[in-house]
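J.: quick one, fold the following:
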Amino acid sequence: MLEALRKFLDSGAGKATAVVVVLIGLVFAGYTLKNVTTSEAVEESANRMFIDSETGKPFPHRIEIGDPIPTKAPSGKMTGYPAEACYWTKDGKVKETPTYVYVPGVWTGSKDPTFCPDCGRLVVGHNPRATAERTPPPTKEEYAQGKGRRGSSRQ
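T.: Numbering: from 1, shown residues only. So this is what the prediction gives:
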């Protein structure tokens with residue numbers, strides 16, 4: 001069987017067929033690569049919410065290759081950091097629209113906890129999305145009493 005394939009590929013028709021198959025493969029690979037690099041997930045990961053560490057005001061920012069962190073904030077200063085989204089309410093319910101929070105510990109190594117200015121609950125790096133099944137993270141008061149320090153925000 002391999003000998004027959006080899007003879008076919010040595011013929012003019014076989015060479016033409018091989019070229020056509022390779023071209024179809026290249027077109028398919030190019031099309032696939034184009035769709036992967038322009039996918040919705042890529043766009044979503046590049047278009048992020050940042051927060052000005054000095055003013056506390058969130059702003060949208062498209063991350064480009066080589067962008068420094070901190071990046072330039074609308075204030076004109078290099079104080080823009082990726083924001084963490086908090087979807088909790090004060091009473092531990094889930095809300096639709098997030099409050100964006102600057103978590104200095106992620107960027108400065110500070111061990112001090114960060115609490116959402118809206119709901120007063122603990123916000124951590126890669127803050128997990130609030131769901132009805134998840135236990136809400138501790139409030140500042142609960143945290144001070146030692147409740148929830150071991151990952152209740154990740155349950």
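
J.: any low-confidence regions in the protein?
T.: Scanning the chain for pLDDT under 70 picks out 35-39, 147-155.

J.: let's see that with 80 instead.
T.: Using pLDDT under 80 as the threshold, the predicted model of the chain has low-confidence ranges 2, 5, 8-9, 14, 30-44, 147-155.

J.: may I have the strands that pair with the longest strand along it, each with its orientation?
T.: Among the elements of the chain assigned as strand by DSSP state E, the one spanning the most residues is strand 94-101. Partner strands for strand 94-101, per DSSP bridges, with pairing direction: strand 84-88 (antiparallel).

J.: and the partner strand, how far out from the chain middle?
T.: Relative to the mean C-alpha coordinate of its chain, strand 84-88 is positioned 14 Å out (CA atoms, centre = their mean, to the nearest Å).

J.: picking up where we left off before, beyond the longest strand of the chain, next helix or strand please.
T.: Reading on from strand 94-101 to the C-terminus, the next helix or strand found by DSSP states H and E is helix 104-108.

J.: need the residue closest to the centroid of this protein.
T.: In the chain, the C-alpha nearest the mean C-alpha coordinate belongs to residue 45, at 4.7 Å (CA atoms, centre = their mean).

J.: and it, what element?
T.: Under DSSP H and E, the secondary-structure element containing residue 45 is helix 40-46.

J.: okay then, goodbye and thanks.
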